[in-house]
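> Here's a sequence, model it:
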Amino acid sequence: MKHIAKLMSLVLIVLAAGCGPKTAAKKPTAKRGLTIALVTKSTSHDFWQTVNAGAQAAGRRTGATVIFKGPSKETDVADQMTIMEDFITQKVDAIVMAACNSTALIPLVERAQNAGIPVVTIDSGIDSDIAASFIATDNIKGARAAADALAKLIGGKGDIGVEPIVAGAATSTMRENGFKEGIKKYPGIRIVATRFSNCDESTAMTVTENMLTANPGIVGIFSACGPGAVGCARVIEQKGLVGKVKHVAFDAIPGELDAFKRGSIQVLIVQNPYKMGYEGVKAAVAIKAGRKVPKRVDTGVTVVTKDNFNDPEVQKIIFPLGKH
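As a prediction, the model looks like this:
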């Protein structure tokens, strides 16, 4: 009987322990970090790599995962649209995008927003205010600064050529229009040719060669993007026109900096791509947290000449990741 009593007591203790409060609760599930898609106009150019570097830095700071993708060429609108469709299907938390075309991407931005995926546009926006925020250079202001710089270099008179980026891209249109508006202040200057470089070095070389052949009196050229500027500078050098044909260009990619040192580019209109990527991701994270963000953020431009190139603040803008 004593053994039976002890056994019953043990059973009661075990049952009581099972019915009592749990002492080993399950570990809380960690909150999932945001997944943000960064869709640029291409991935091969140094400019977009710097945008990505800024975006990744913001991702690390906020705990978000940033997926970087874009077409191989800035003219491949169809590929960028496919990339956008894939990210919408994957149900990423937000998209940060630089549009290859200002109108073609509108339906996809609308679809993303309607699916609860906020879209922040950077660098090159769309012809609609549906995007949650637009973070970019004031391209018109920057292009007007380029017009002033080129006018100064050629003494306010002479024939010039303009090489925009890609037909239909908002950035290209704003830089072209801003430059042409700015140059109107100088009645002695005449624009004799406008040719798109497609932001491609080899295309820019062909365009520049044809431009100078058809208009041998050209004394100045404005290049609206980095790879295009590198191609233009090569032709200026090959033709022995360094110093004779003045050249003002947007951006400061390695090839441009080399041409700047050689004298085939005299002035650089430098953007802040690192800041675009950083602020783009930062805005996307803020939106997902229910916070308001500015509808428009100007990331600024710096006019770089031989006189200010070595200034510490200018060096930080030109080399946001440090010199390699």
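> export the helix or strand harbouring Ile191 as PDB, just CAs?
Using DSSP states H and E, Ile191 sits within strand 189-194. In PDB, the C-alpha atoms belonging to strand 189-194 read as follows (Å, rounded to 0.1, in the frame of the first residue of the first chain):
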ATOM      1  CA  ILE A 189      26.000  81.300 -79.100                       C
ATOM      2  CA  ARG A 190      24.200  79.000 -81.600                       C
ATOM      3  CA  ILE A 191      23.300  75.400 -81.100                       C
ATOM      4  CA  VAL A 192      24.000  73.700 -84.500                       C
ATOM      5  CA  ALA A 193      23.500  70.000 -83.500                       C
ATOM      6  CA  THR A 194      21.600  67.900 -80.900                       C
END
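> From the rest of the structure, what touches it?
Applying CB atoms under 8 Å, 6 or more residues apart in numbering, the contact partners of strand 189-194 are 151, 154, 156-164, 176, 180, 183, 211, 214-215, 217-218, 220. For glycine as for every other residue, the C-beta is placed from the backbone atoms N, C-alpha and C.
> Could you rerun that using 7 Å?
Strand 189-194 has contacts (CB atoms under 7 Å, 6 or more residues apart in numbering) with 151, 156-162, 164, 180, 183, 211, 214-215, 218.
> Equivalent analysis for stretch 211-227, please.
Applying CB under 7 Å, 6+ apart, the contact partners of stretch 211-227 are 45, 47, 146, 150, 153-154, 158-165, 172, 175-176, 179, 192-193, 195, 197, 199-201, 204, 229, 232, 235, 239, 245-251, 253, 256.
> residues in contact with the most centrally placed residue in the chain?
For the chain, the residue nearest the mean C-alpha position is Asp123 (4.6 Å; CA atoms, centre = their mean). Going by CB under 7 Å, 6+ apart, Asp123 touches Ala98, Ala136, Thr171, Met276.
> Cross those residues against helices and list the overlap.
Judged by DSSP state H, the contacts of Asp123 include Thr171, Met276 as members of helices.
> Rebuild the contacts of Asp123 as CSV, extending it with pLDDT.
CSV is the format used below for the contacts of Asp123 (pLDDT from 0 to 100):
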residue, pLDDT
Ala98, 97
Ala136, 96
Thr171, 92
Met276, 97
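> Distance to Met81 and neighbour count added to the contacts of Asp123, as a markdown table?
Supplementary listing: those in a markdown table, determined by distance: CB to CB, whole Å; neighbours: other CB atoms under 10 Å:
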| residue | distance to Met81 | neighbour count |
| --- | --- | --- |
| Ala98 | 13 | 30 |
| Ala136 | 20 | 25 |
| Thr171 | 18 | 28 |
| Met276 | 21 | 26 |
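> The contacts of Asp123: which two are farthest apart?
Within the contacts of Asp123, two members stand farthest from each other by CB to CB: Thr171 and Met276, at 11.4 Å.
> rewinding a little: ok, the strand holding Ile191: who's next to it in the sheet?
Applying DSSP bridges, strand 189-194 is found paired with strand 158-163 (parallel).
> Ala78: which of the contacts of strand 189-194 is nearest?
Nearest member of these to Ala78, counting by CB to CB, is Pro164, at 20.9 Å.
> Restricted to buried residues, select the contacts of stretch 211-227 in PyMOL.
Buried residues within those, by 16 or more other CB atoms under 10 Å, are selected in PyMOL with:
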select buried, resi 45+47+146+150+153+154+158+159+160+161+162+163+164+165+172+175+176+179+193+195+197+199+200+201+204+229+232+235+245+246+247+248+249+250+251+253+256
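> And the lowest mean pLDDT element among the helices and strands of the chain?
Every helix and strand in the chain was compared by mean pLDDT, DSSP states H and E; the lowest is helix 2-19, with a mean of 41.
> State the next helix or strand along the chain beyond that one.
Per DSSP H and E, the first helix or strand lying C-terminal to helix 2-19 is strand 35-39.
> Point out the other helices and strands that that following strand packs with.
helix 46-62, strand 65-69, helix 77-90, strand 94-97, helix 273-288 (3 or more CB pairs under 7 Å, 6 or more residues apart in numbering; DSSP states H and E).
> Does anything pack onto the fourth one? Which helices or strands?
If contacts are counted by 3+ CB pairs under 7 Å, 6+ apart, strand 94-97 sits against strand 35-39, strand 119-122, helix 273-288.
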